[in-house]
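J.: Sequence unavailable; structure follows:
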């Protein structure tokens with residue numbers, strides 16, 4: 001798994017290559033305006049230490065990812081997503097701290113409202129696999145990468161959703177498994 005970051009658009013300027021997590025890209029490059037994913041899957045973030053808005057990147061070339069993906073800021077950190085080959089399993093909860101309605105998922109869900117009659121998802125427990133959660137139905141809107149673990153409150157995760165870096169109104173309405181042959 002390899003990703004190469006470039007200071008300028010169209011793969012120009014100085015570059016930095018990594019095959020692992022990088023909490024602060026500015027220690028390697030002064031800015032980042034294009035990247036190339038040679039292999040594997042990565043989440044990139046517009047703030048250091050895996051904070052802020054997140055974007056999923058799979059194998060491919062992103063010559064001007066800001067206009068391609070609607071990013072307003074440069075990539076500031078990245079996380080390598082390990083490939084998972086087994087089953088996928090996640091429990092989603094309507095409220096924080098695993099409260100309210102609960103549903104167990106083992107496959108993609110394009111709308112929790114349509115499938116489960118849930119109007120909100122504010123916490124989850126990822127038991128198996130790696131998942132992408134989306135703020136809107138049908139895998140649209142801002143994304144959040146979820147690896148195995150307990151997530152008691154999405155408000156505390158530094159997503160920068162809502163206004164001015166806040167997290168008010170944060171909710172996820174669709175979920176997708178991260179797999180080798182994923183189409184976006």
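T.: Good, I have the coordinates. A quick note: this is a predicted structure, and the numbers were derived from the prediction, not measured.

J.: And the strands in the chain?
T.: Using DSSP state E, the strands assigned to the chain run over residues 2-8, 12-18, 34-39, 41-47, 51-57, 60-62, 77-81, 89-95, 99-105, 123-128, 131-136, 140-146, 149-151, 174-177.

J.: Nearest to residue 111, out of those?
T.: strand 174-177 (5.9 Å; Cβ to Cβ). Using the backbone N, CA and C atoms, a C-beta is placed for each residue, glycine as well.

J.: From the contact counts, what lies against the closest one?
T.: strand 131-136 (3 or more Cβ pairs under 8 Å, 6 or more residues apart in numbering; DSSP states H and E).

J.: Would you mark the buried spots in the strand it packs on?
T.: 131-135 (16 or more other Cβ atoms under 10 Å).

J.: so where's the protein shaky on pLDDT?
T.: For the chain, the stretches flagged by pLDDT under 70 are 66-72, 156-170, 181-184.

J.: Go again with 90.
T.: 1, 30-33, 46, 51-55, 63-75, 83-85, 119-120, 141-142, 153-172, 179-184 (pLDDT under 90).

J.: would a markdown table of the strands of the chain with distance to residue 28 be doable?
T.: Shown next, in a markdown table, are those (distance: least, Cβ to Cβ, whole Å):
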| stretch | distance to residue 28 |
| --- | --- |
| strand 2-8 | 8 |
| strand 12-18 | 4 |
| strand 34-39 | 12 |
| strand 41-47 | 14 |
| strand 51-57 | 17 |
| strand 60-62 | 17 |
| strand 77-81 | 11 |
| strand 89-95 | 34 |
| strand 99-105 | 37 |
| strand 123-128 | 30 |
| strand 131-136 | 26 |
| strand 140-146 | 21 |
| strand 149-151 | 28 |
| strand 174-177 | 30 |
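
J.: Compare those strands and give me the one nearest residue 26.
T.: The minimum distance between residue 26 and the strands of the chain falls on strand 77-81, with 9.3 Å, by Cβ to Cβ.

J.: From what I see, residue 128 and residue 85 are in contact.
T.: No - taking Cβ atoms under 8 Å as the definition, residue 128 is not a contact partner of residue 85, at 10.6 Å.
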